[in-house]
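Undergrad: Give me a model of this one.
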Amino acid sequence: MSDDLIHTLLPIVGIHTKDNLESKDLFSPKFDTHRKRVYCGHLEYHAP
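TA: Take a look at the predicted model:
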């Protein structure tokens, strides 16, 4: 989801903050593939 993009891009360009979540970094081994994805405020995305 686009809200995760910042958590992926910051480490790539060498920026590390206390607010960056490894569980949302697409390239991190700690990326959470099982968390809920919600869009339009209330609809849950189900992967095919």
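Undergrad: my guess is residue 4 contacts residue 23, does it?
TA: No: contact between residue 4 and residue 23 fails when scored by CB atoms under 8 Å: they sit 9.3 Å apart. (C-beta placed from N, C-alpha, C; glycine too.)
Undergrad: Remind me what the worst-scoring helix or strand of the chain on mean pLDDT packs against, helices and strands.
TA: Ranking every helix and strand in the chain by mean pLDDT, DSSP states H and E puts strand 37-39 at the bottom, with a mean of 80. Counting by 3 or more CB pairs under 8 Å, 6 or more residues apart in numbering; DSSP states H and E, the packing neighbours recorded for strand 37-39 are strand 43-45.
Undergrad: Could you say which helix or strand holds residue 41?
TA: According to DSSP states H and E, residue 41 maps onto no helix or strand at all.
Undergrad: so who does it touch?
TA: For residue 41, the contact set (CB atoms under 8 Å, 6 or more residues apart in numbering) is empty.
Undergrad: Now the residue nearest in space to the middle of the chain: closest residue in space, sequence neighbours ignored.
TA: When the chain is reduced to its mean C-alpha position, the closest residue under CA atoms, centre = their mean turns out to be residue 24, at 2.6 Å. Distances taken as CB to CB, 6 or more residues apart in numbering put residue 7 closest to residue 24, at 3.8 Å, once the chain neighbours are dropped.
Undergrad: Could you export whichever strand or helix holds the one you found as CSV, CA atoms only?
TA: Per DSSP H and E, residue 7 falls inside helix 5-12. Provided in CSV are the C-alpha atoms of helix 5-12 (Å, rounded to 0.1, in the frame of the first residue of the first chain):
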residue,chain,number,x,y,z
LEU,A,5,6.3,3.4,0.7
ILE,A,6,8.0,5.9,3.0
HIS,A,7,9.0,3.0,5.3
THR,A,8,10.7,1.4,2.3
LEU,A,9,12.3,4.4,0.7
LEU,A,10,13.9,6.1,3.7
PRO,A,11,16.4,3.2,4.5
ILE,A,12,17.3,3.0,0.8
